[in-house]
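**Student:** Pasting the sequence and the predicted model now:
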Amino acid sequence: MNGVIFNKKDIPGFTKRTLCVMIDLLFVFLILKLLFYFLGNIGDGFVLLIWFIISTLYFTIIKSSNVKTLGYRLLGLRIVNLGGSKPSFSQMILRHLISLIGPFQLPYDIIWIVQDDQKQTLRDKFVGTYVIKSKAKPIFENKIFTFYYFVHGFLFLFEEVKHPNQIL
């Protein structure tokens, strides 16, 4: 199976990705605040369930669709799989769950971007996705390889597409 590589100028870095996360989290928070304002006091368990449902729909289905999240839309971003097409629903669910429960919490996940050659977060590496500019086109196609990473005391196998010059 082959995957694609995008031009580095088409991959958002730390600042743009962090701003996107902040916009999307603020937007979900405001939606929930409005919802709870109209629903009144409904109990902590129900509040948690509603938060989980809304955040899951927003950060999985909407994020990978043509509608996109507010942060992705404002900053001109989209998410793709290693082949350059729309990620599967299972990839998006796993990506969202990893951001909620780990093993890669958001601070580590975002900081990883700074040193990664494809500017992927750890959860992107784990599920096989890239965040790219909306109009980005692949510049190179190559086989998908498996690479070992030692992260936070754990050994992970990540599938990646690399330019032949990057493969040791």
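**Tutor:** Perfect, thanks for sending it.
**Student:** Look through this structure and tell me its longest strand.
**Tutor:** In the chain, with assignment by DSSP state E, the single longest strand is strand 138-151.
**Student:** after that one, next one along is what?
**Tutor:** strand 154-161 (DSSP states H and E).
**Student:** name the helices or strands packed onto the least confident helix or strand in the chain by mean pLDDT?
**Tutor:** Every helix and strand in the chain was compared by mean pLDDT, DSSP states H and E; the lowest is helix 106-115, with a mean of 77. The contact analysis (3 or more C-beta pairs under 8 Å, 6 or more residues apart in numbering; DSSP states H and E) places helix 106-115 against helix 14-39, helix 122-127. No exception for glycine: its C-beta is placed from N, CA and C like everyone else's.
**Student:** closest to Thr60 out of those?
**Tutor:** helix 122-127 (11.2 Å; C-beta to C-beta).
**Student:** any idea which helix or strand comes after the closest one?
**Tutor:** strand 129-133.
**Student:** which other residues reach that following strand?
**Tutor:** Residues outside strand 129-133 that contact it (C-beta atoms under 8 Å, 6 or more residues apart in numbering) are 6, 10-12, 17, 20, 76-82, 87, 91, 95, 118-121, 124.
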